[in-house]
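J.: Okay, predicted coordinates and the sequence, questions at the end:
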Amino acid sequence: MTDIASPATGRPALSGVVGRLPEYLMIWVPLLLSAAHLISFSLWTIWISFTPSTLVPVTGWVGMRNYTAVLASRNWQIAFDNLLLFGSAFVLLSLVTGLMLAILLDQRIRGENVLRSIFLYPLAVSFVVTGTVWSWLLNPGIGIQKLVHDLGWTSFRFDWLVDRDMAIWTIVIAAIWQSSGFAMALFLAGLRSVDADIIKAAQIDGAGPVRTYWRVILPTLWPITITVIVVQLQFAISAFDLVRALTNGGPGIATQLPALVVYDLMFQRSQLGRGAAAAVLMLLILLAVLLPYAAWRYVQRRRATHA
Amino acid sequence: MRERTFAPSRLLIYLVVSLIAAAYLAPLVVVVLNSLRTNEEIAQASMIGWPQQWAWSNYARAWSGFCVAETCAGIRPYMLNSALVTIPATIISTLLGAIAGYAVSLWRFRGDNWIYGIVTLGLFLPQQMRLLPWTIVLRDIGLINTLTGLVLIHTIQGLSFTTLFCRNYYVAIPHELIRAARIDGAGFFRIFWRIILPLSAPILIVTVIWQFTHIWNEFLYGVTFTTGQQQPVTAALIALSAAIADIPQHGVQSAAVIIAALPTLLIYLLGGRYFVRGLTAGAVK
């Protein structure tokens, strides 16, 4: 960190300060606004979560009552269970899909650019659009099931969208379709940066392509894997648009997720205190993922600088 | 890794890749075809099928004809809303982010690491933690249910990303360049304008594409802070499918979905390389 002529170190004279007012404003106002809103809004939400606010925010203190109420509600319990299932299934399957796509594209195939664009385009489209489209495809009355029925196989069933036990898997399908391209992009970059000499050495040792991948190349990808897992978990924890468009939490509350519970409490049931508590719970779930990741990154960096 | 041969294993690779690619394209193809089928035709068969007669009128109706609630203006006003929010918020947040990124990377000032660290927390903090405070603040300053309010939110929230992108790009610029310019008497803005900005084209493209795509596709803020005629197109699409759930008009709805997705899809087609760079830059914070 070389400190090149920082204007703040030398306590400039007042005339200098006035002359530099535009630049101070341009530097500080946006940064301060951004930082201040992040901190104060978070604290504000945390504070509301301890008040008896319902329709409007009010002062007062109810301790943990909002938290116990949210945690005891069936809505939250289902949302949390769904998050565990959706989060792990989505992250695992999109890792597998992304890695498979990356390995396939790494085989010097023709049309790699076109294929890569195809696997990544869903990321450019809003979750509202993709959720809506998947809700049509997976709707047994008009989608894939209807098509297969019309083709003559009338006993075919694919009605997860309206099946309480299976509906959460429709969200897994749509989410994988939409964002496994992201895992692919990161893995492909990782594969391309593997040292060619290591690969050559393995081949000289007589390792076939499968063995080379399994023993030599894939082990170098684990830092990328962790990054992909964390980013995808972050998405899963705050998933809202996709579920809103695809199932809207239904059938019943079978596909409820934390972000939907927050919205429901805050803006549909006018339970601001409980909604804020649910938002803080979401933040805690996120921190349970991000803090270990941050610690791991810190250790990695220290190791890199010491080596 | 190997020579290009056409061994059976390579054929298998092509087969698998093509099948997966088809699966990724299928939903898009289905919607495009549906947008050209009449509502009656879809109702008789399924969502998946080849148009019997090309119903181009779906697009006209989706754009300016069909009714949501009592207003029959199609998707056009909501597309306009999205554009009026996305374009200013993208430009302002990118410009301010470039200046902030330049300041924290090359101009160093007291507390810069601290404030930069806090700003980047915005990448992780869930939107839900900010919903209530934004509602209250927007109501107090009279911007609730206005496009200006959404521009304000997206600008301030976007700063976390734009500052990060630009800062990470600018740290690679040699400090000697700045030092030399300072010795020549150039100030903060002059250096930015004359030296930094001409070097910034790649990162500005990445940032603009990232911001545009995210703000255009954003839904939660749109649906929370605006209602009715003020909603962006993502929120309007949800309202549309709820409003015509009784008498589905899947042909028109498909056309509306295509129109709503078109701006970001076009940008992706034109600047895919920069889009991917933004994705990976956002991930490897």
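T.: Okay, I see it.
J.: And the helices in chain A?
T.: Per DSSP state H, chain A carries helices over the ranges A:14-19, A:21-48, A:65-72, A:74-105, A:112-120, A:127-137, A:144-150, A:167-192, A:196-204, A:209-211, A:222-237, A:241-246, A:258-263, A:272-306.
J.: and the second one, anywhere near chain B?
T.: Yes - counting by C-beta under 8 Å from any C-beta of the partner chain, chain B is contacted by helix A:21-48 at A:22-23, A:26-27, A:30-35, A:37-42, A:44-45, A:48. Any C-beta I mention is one placed from the backbone N, CA and C, and that applies to glycine too.
J.: Likewise for the fifth one?
T.: Yes - contact check for helix A:112-120 against chain B, using C-beta under 8 Å from any C-beta: residues in range are A:115, A:117-120.
J.: Residue A:131 is in contact with residue A:242, correct?
T.: Yes - at 4.7 Å, residue A:242 counts as touching residue A:131 under the criterion of C-beta atoms under 8 Å.
J.: Any chance you could list residues touching both of those two?
T.: residue A:174 (C-beta atoms under 8 Å, 6 or more residues apart in numbering or on different chains).
J.: neighbour count winner among those two?
T.: A side-by-side neighbour count of residue A:242 and residue A:131, using other C-beta atoms under 10 Å in any protein chain shown, places residue A:131 first with 26 against 23.
J.: Just give the nearest non-adjacent residue to that one, would you?
T.: Take residue A:131 and drop its neighbours on the chain: the residue closest to it by C-beta to C-beta, 6 or more residues apart in numbering or on different chains is residue A:245, 2.7 Å away.
J.: how deep is that neighbour tucked in, by neighbour count?
T.: The number of residues near residue A:245, taken as other C-beta under 10 Å, comes to 24.
J.: How about residue A:297?
T.: Neighbours of residue A:297 using other C-beta under 10 Å come to 16.
J.: I'd like the distance between it and residue A:223.
T.: 9 Å (C-beta to C-beta, to the nearest Å).
J.: Identify the residues contacting residue 177.
T.: Just going to use chain A. By C-beta under 8 Å, 6+ apart, the contact set of residue A:177 is A:122, A:130, A:134, B:23-24, B:27.
J.: um, chain B though
T.: residue B:195.
J.: what does residue A:122 give?
T.: A:130, A:177-179, A:181, B:24.
J.: and if you look at residue A:105?
T.: Contacts of residue A:105 by C-beta under 8 Å, 6+ apart are A:112, A:115-116, A:184, A:188, B:17.
J.: Tell me which residue of the stretch 101-250 of chain B lies closest to chain A.
T.: At 3.3 Å from chain A, residue B:217 is the closest residue in the stretch 101-250 of chain B, using C-beta to the nearest C-beta.
J.: That residue reaches residue B:263, doesn't it?
T.: No - here residue B:217 does not reach residue B:263: they are 9.7 Å apart, not a contact under C-beta under 8 Å.
J.: Those two: which is more packed in?
T.: With neighbours defined as other C-beta under 10 Å, residue B:217 and residue B:263 compare such that residue B:217 has more, 26 against 19.
J.: circling back: are any of the residues of helix A:21-48 next to chain B buried, and which?
T.: In these, burial by neighbour count holds for A:23, A:26-27, A:30-31, A:33-35, A:37-38, A:41-42, A:44-45, A:48, counting by 16 or more other C-beta atoms under 10 Å in any protein chain shown.
J.: Next, count neighbours for the closest residue to the residue of the stretch 101-250 of chain B closest to chain A other than its chain neighbours.
T.: Once flanking residues are discounted, residue B:217 sits nearest to residue A:126: 3.3 Å by C-beta to C-beta, 6+ apart. Counted with other C-beta under 10 Å, residues neighbouring residue A:126 total 26.
J.: Likewise for residue B:22?
T.: Residue B:22 - counted by other C-beta under 10 Å - has 11 other residues nearby.
J.: go on, residue B:131?
T.: With other C-beta under 10 Å as criterion, residue B:131 counts 23.
J.: picking that back up, out of the buried ones among the residues of helix A:21-48 next to chain B, who's nearest residue A:256?
T.: Lowest distance from residue A:256 to these (C-beta to C-beta) belongs to residue A:45, with 20.7 Å.
J.: What's the separation between that closest one and residue A:265?
T.: As for residue A:45, its distance to residue A:265 is 12 Å (criterion: C-beta to C-beta).
J.: do the same with residue A:243
T.: Residue A:243 is 16 Å from residue A:265, by C-beta to C-beta.
J.: again with residue A:275
T.: Noted for residue A:275: a distance of 4 Å to residue A:265, by C-beta to C-beta.
J.: all helices for chain B, in order.
T.: For chain B, applying DSSP H gives helices covering B:8-34, B:39-44, B:57-64, B:76-102, B:112-121, B:128-140, B:147-170, B:175-183, B:188-191, B:197-199, B:201-217, B:220-225, B:233-243, B:250-283.
J.: Same list (those) but as JSON lines, adding mean pLDDT.
T.: Shown next, in JSON lines, are the helices of chain B (pLDDT from 0 to 100):
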{"stretch": "helix B:8-34", "mean pLDDT": "91"}
{"stretch": "helix B:39-44", "mean pLDDT": "82"}
{"stretch": "helix B:57-64", "mean pLDDT": "89"}
{"stretch": "helix B:76-102", "mean pLDDT": "95"}
{"stretch": "helix B:112-121", "mean pLDDT": "91"}
{"stretch": "helix B:128-140", "mean pLDDT": "95"}
{"stretch": "helix B:147-170", "mean pLDDT": "95"}
{"stretch": "helix B:175-183", "mean pLDDT": "88"}
{"stretch": "helix B:188-191", "mean pLDDT": "89"}
{"stretch": "helix B:197-199", "mean pLDDT": "93"}
{"stretch": "helix B:201-217", "mean pLDDT": "95"}
{"stretch": "helix B:220-225", "mean pLDDT": "94"}
{"stretch": "helix B:233-243", "mean pLDDT": "87"}
{"stretch": "helix B:250-283", "mean pLDDT": "89"}
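J.: May I see these organised as TSV, with distance to residue A:260 added?
T.: Converted to TSV, those look like this (distance: least, C-beta to C-beta, whole Å):
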stretch	distance to residue A:260
helix B:8-34	23
helix B:39-44	29
helix B:57-64	28
helix B:76-102	23
helix B:112-121	24
helix B:128-140	10
helix B:147-170	21
helix B:175-183	49
helix B:188-191	46
helix B:197-199	43
helix B:201-217	18
helix B:220-225	11
helix B:233-243	13
helix B:250-283	22
